[in-house]
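K.L.:
below are the sequence and a predicted model; questions follow.
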Amino acid sequence: MTPATGISLKEPTISGAAADAEQLERARIDASTRVPVLMFYASAMVWLLIGTLLAGFVSFKLHAPDWMADVSFLTWGRLRPVHMNIMVYGWASMAAMGTAIWLMARLCRTTLRHPLLIVTGIWFWNIGVLIGVVAILMGYSTGYQWLEFPPYAALVLFVAYALIMSWAVLMFRFRRGNQIYITQWYLLGAFLWFPWLYAAAQAMLFVAPVQGVLQAAVGWWYGNNLLFLWFGTIALGTAYYMIPKVIGRPVYSYHLATIGFWTYALFSSWTGMQRLVDGPFPAWMITASIAATILTIIPVATVGLNHHMTMQGYFPVMRYSPTLRFTVFGAMSYTVFSVVGILISLRSTARYVHFTEATIAYSHMGFYAFFTMIIFGSMYYIVPRLVGREWRYATLIKLHFWASAYGVGLMSLMLLAGGFVQGSSEQSPSMPFIESAASVLPYLRGRTLAALLLTISHFIFAFHFGLMLFGLGRTSTVPTFLNPVEAEGSESPL
Amino acid sequence: MNDQPHNPSSLTRQGMDYGETADVHEVHAAIQREKREPRVGLEPLSIWLIAVYGLAIFTGGAYLGRYSGNFSGDGLDPLMGPPPAKKTAGGLAGGEQQVELSPRDRGKKIFSANCQTCHQANGQGVPGQYPPLAGSEFTTGGSRRPAMIVMKGLQGPVKVKGQQYGTAVMQPWDKTLTDQKIADVLTYERSEWGNQASPVTADQIATLRKELASHPESYTEPDILAVPADTELPGEASAGGAQPPKPGEAAKPAPPKPRG
Amino acid sequence: MKGLLPLFLGLFGTFAFSWVGLTVIPNMQIGALNPQMDEEGTDIYPMPKSGMAERGRRIYAANGCIYCHSQQVRPDYVSADLDRTRDAGPSPRPKWAGRRSAPRDYIFDRPVQLGQERMGPDLADIAKAAPGEEESPATVPAGTAPAASPAAPQSPAPRANVAATKPGVSAPPTTLPALQATGANPSPTPSPNGVPPAYSAAWHHRHLYSPRSMSPDNLDSTMPAYKFLYEKHQISGEPSANALQLTGPDAPPPGWEIVPSYDAKCLVAYLMSLHQSHPLKEVRSAGGAAPVPAASPPATPAGSPPPAPAKK
């Protein structure tokens, strides 16, 4: 497969000895990361399943509120933050940390020392999430979105994070080789930004609380930066690893990568206040965030171009490689999600979209279509290398992919459309409010359907992952392709 | 949440043998078929991309400039900026702020709230009960007399414009109104209903307040008449050294306009 | 990229830039606001809420009310918030609010409950919609925090007088549902279906207990029922003064009554304390109405209390 540019894509031949040494090194690294990363993934899968079931409840109860309504810990107002926090701190953070640790170890070309510390950290993190979840269900939620865990649960998470990430950063300190690869910038950024973010938010909301509306500003500064500086960076870093790794081609341009990284960090971190548009705030804060959102077109275009040109000529490989399929879907979703974000943030459209379900669509496009799909792709790549087996059923992978893709696509469409309908009808004061709220109900029912798809998808993946975990994958030298590979002329894509 | 226990025997069950042998064939197939670690190419930036950057920066910057409400903490409205700082009474364009009022206008509000019940909106008072302010010699003469009356109140019989009043008691206002408010209401009274007397400033009232600090009772007519009709309060307080004008001594001569 | 130090500085710098710009600088601008007061030092707005209402705020936050209800009013140039009227109650229905929200409205709120979504109406000024003599129960129970809510600028004395003249009420009621329960309510037009007057405390209790029973129009409401905030007791002797009046399938079996728990009372106290109609100098009132000070003017003796509800 030679693309139009005429650059030869064949791997330069490495001497036998070097190849052996390199593979051996990778084997050693994988062995050292095996237990922590699999524990991360296993914990994350459990939280994913719980969170997805809760997502179904939350979605269903929003349009059928009398179902199981009389129990205090099943009331919608408590289940919703539990769902959000389980997904963010239980599923997404743990899966992200698992992938990030494996990537960091591989890229630093150093084994993970003292994995027991990380394992302890994983237990603490799980305990912290559990404490927080139980606290919310019992009625002790703090009332700040994304920060509903009471401070004592947050403290446990801090301890866990210190145990986990100090070693990840130390791996970086002991890295071999001169160059710091793109993924490592992103991962290092994520490792540092998350604790700073979380600490700043906890300090400004609980330790030395800011006054009045600033609490909401700090809360959304935190929530938005969580998505971009913690999850988004790990997702982009993963994509920058997986795409060139799977297709065996270098990333298109170093300059694009540099510009993309720094503009991403700079502009994405300034967004967040647009969630408070037209609220009781000085207008410049809101406008600064909207302007920053407009400026995020720069990293979006840059990163998107970089990935696209890297993939140029290799898109057919998506037919075969689960990793590539999920990762490219996620990377493309980053573009779509960002463009949607710009469009709904502008003041002229925000008036129709604010206070509606459309913001939920935006959040889920970011957390699921972008972040989660890339992480799924990374799991499909990493898990075989840790358990020494291949994924057992290509059909299950395909089902997982399509159910997720359609699920998140349907959800986004339903909520964006519903949001606009709700927002437009709220703009006409002659319509009673109850009617404008009721106008979104059909779309919410559609969203429950999407939640059903996603539930199916996640249970399939969990089952498949469980098989791998218990050593029931395929023993084979050939990876699990999604579709049979044509025999002639093509080199193995994986 | 739980993982299977990790012990060496499980490794051999799975047929793995990591890191302890130099025999590469024991390294599992997934690693063997892996391509080398990713590396980066060096393609130059496209000019079109730079054009996109420029457009984005321009749009973002323009948006920021237009909708920022002057970057002030009070600017809740993105288009209009903050309420302007308190200046001397000047008209200002719309916005979300009450229009800045002149001392006369402020005085009018204070009058309506406090004085109007007795002295009436037209300043004519009520015959026999409340003296008028319109055309009153007390109001329009030197500023000292009306200031004293407003500060400390007045009781007992008093003759204004040839008419006798005296059944009502005027309360002292020094405790309930600030210097600025007393000054404003006096300014209003002295320029309304055809009155044309000089305005009064808050500093003047402040000075008077200090002077009268030890004078608790309200005044009676003889007290007021003891002060010459044209006595003005000392001018803009150049703080400190201003001696309160003694009765009979005018610090700021003003053309006397006795009426009635 | 070579070099760890430039990388680290860059990471720190971009983060610090965002942190300073979006949290520290706004904190310098609006982080130390004081309540507005006029020159006599009276008419202070906003005031901290009483103990029951503060507890109610925590219950509001803990039960996730913020995920459906906002508490911020947008200005008229981007929304219809200032033209919109409430859905319940007799015509003319009260408006959502008299002006947009400003930072000063929230200086005593912790946690601040601005809200991000409106599956339910905005609540910033919900207490204004309450019928006139309905007052925040926060001011009535003795022994709670002394700070008066802005709903009670008038002295409580006229309230007690009004209550005392009602037949059948011997002692000042401890909660407002009592006024409703005794049926002694001069407010006009009791709604069909036995629903208490719109946006009164009793109305809030019933709405929390069974949102879809409020009136024929509320069937589309997706608000969850907060039945767990209420207790079911057997009636011993007389029905309790604050028992909920329920009809239809929600009504308890004969001999039983539903009473609010302390949490429910606090939550309703909080709802009844949500005011944002006091004018603020920095915000234009809708329609350019002149600010009406809520405090009674000084030195007017308290005469007989006006029987008509004070219109805010």
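P.N.:
Thanks, I have the structure now.

K.L.:
which residues of the stretch 1-150 of chain A lie near chain C?
P.N.:
Applying Cβ under 8 Å from any Cβ of the partner chain, we find that the stretch 1-150 of chain A lies next to chain C at A:61-63, A:65-66, A:69-72, A:75-78, A:80-81, A:136, A:139-145. Where C-beta positions appear, they are placed from N, C-alpha and C, glycine not excepted.

K.L.:
buried ones among those?
P.N.:
In the residues of the stretch 1-150 of chain A next to chain C, burial by neighbour count holds for A:61-63, A:65, A:69, A:72, A:75-78, A:80-81, A:136, A:139-145, counting by 16 or more other Cβ atoms under 10 Å in any protein chain shown.

K.L.:
filter those residues by proximity to chain B?
P.N.:
Checking those against chain B by Cβ under 8 Å from any Cβ, not one of them is in range.

K.L.:
so which of the residues you listed belong to helices?
P.N.:
Cross-referencing those against helices under DSSP state H gives A:61, A:62, A:63, A:76, A:77, A:78, A:80, A:81, A:136.

K.L.:
how far away is the fifth one from residue C:62?
P.N.:
Between residue A:77 and residue C:62 the computed distance is 8 Å (Cβ to Cβ, to the nearest Å).

K.L.:
and residue B:53, how far is that from residue B:42?
P.N.:
The value you get for residue B:53 to residue B:42, if Cβ to Cβ is used, is 19 Å.

K.L.:
who has more neighbours, those two?
P.N.:
Taking residue B:53 and residue B:42 together and counting by other Cβ atoms under 10 Å in any protein chain shown, residue B:53 has the greater number of neighbours (18 against 10).

K.L.:
could you list the residues of the stretch 51-200 of chain A in contact with chain B?
P.N.:
For the stretch 51-200 of chain A, the residues found near chain B under the criterion Cβ under 8 Å from any Cβ are A:106, A:107, A:126, A:181, A:182, A:183.

K.L.:
buried subset of those?
P.N.:
A:106, A:107, A:126, A:181, A:182, A:183.

K.L.:
tell me the secondary structure at the last one.
P.N.:
Of the three states, residue A:183 takes helix under DSSP: H, G, I helix; E, B strand; the rest coil.

K.L.:
hang on, it packs against residue A:234?
P.N.:
No: the pair residue A:183 and residue A:234 does not pass the contact test of Cβ atoms under 8 Å, sitting 9.4 Å apart.

K.L.:
ok, the closest residue to residue B:158 other than its chain neighbours to chain A distance?
P.N.:
Taking Cβ to Cβ, 6 or more residues apart in numbering or on different chains, and ignoring the residues beside it in sequence, residue B:158 has residue B:221 as its nearest neighbour in space, at 4.4 Å. Using Cβ to the nearest Cβ, to the nearest Å, one gets 55 Å for the distance from residue B:221 to chain A.

K.L.:
which helix runs longest in chain B?
P.N.:
If you go by DSSP H, chain B has its longest helix at helix B:47-66.

K.L.:
who does it touch, helix- and strand-wise?
P.N.:
Helix B:47-66 is packed against helix A:283-295, helix A:297-311, with contacts defined by 3 or more Cβ pairs under 8 Å, 6 or more residues apart in numbering or on different chains; DSSP states H and E.

K.L.:
got the angle between the longest one and helix B:47-66?
P.N.:
Angle between the axes of helix A:297-311 and helix B:47-66 is 160 degrees (criterion: axes from the mean of the first three to the mean of the last three Cα atoms, to 10 degrees).

K.L.:
check the offset of the helix or strand following helix A:297-311 from the chain's centre.
P.N.:
The first helix or strand that comes after helix A:297-311 along the chain, using DSSP states H and E, is helix A:322-345. Counting by Cα atoms, centre = their mean, to the nearest Å, helix A:322-345 is centred 11 Å from the centre of its parent chain.

K.L.:
report all helices and strands that the next helix or strand after helix A:322-345 contacts.
P.N.:
Scanning forward in sequence from helix A:322-345 by DSSP H and E, the next helix or strand is helix A:347-353. Counting contacts by 3+ Cβ pairs under 8 Å, 6+ apart, the secondary-structure elements packed against helix A:347-353 are helix A:283-295, helix A:322-345, helix A:394-426.
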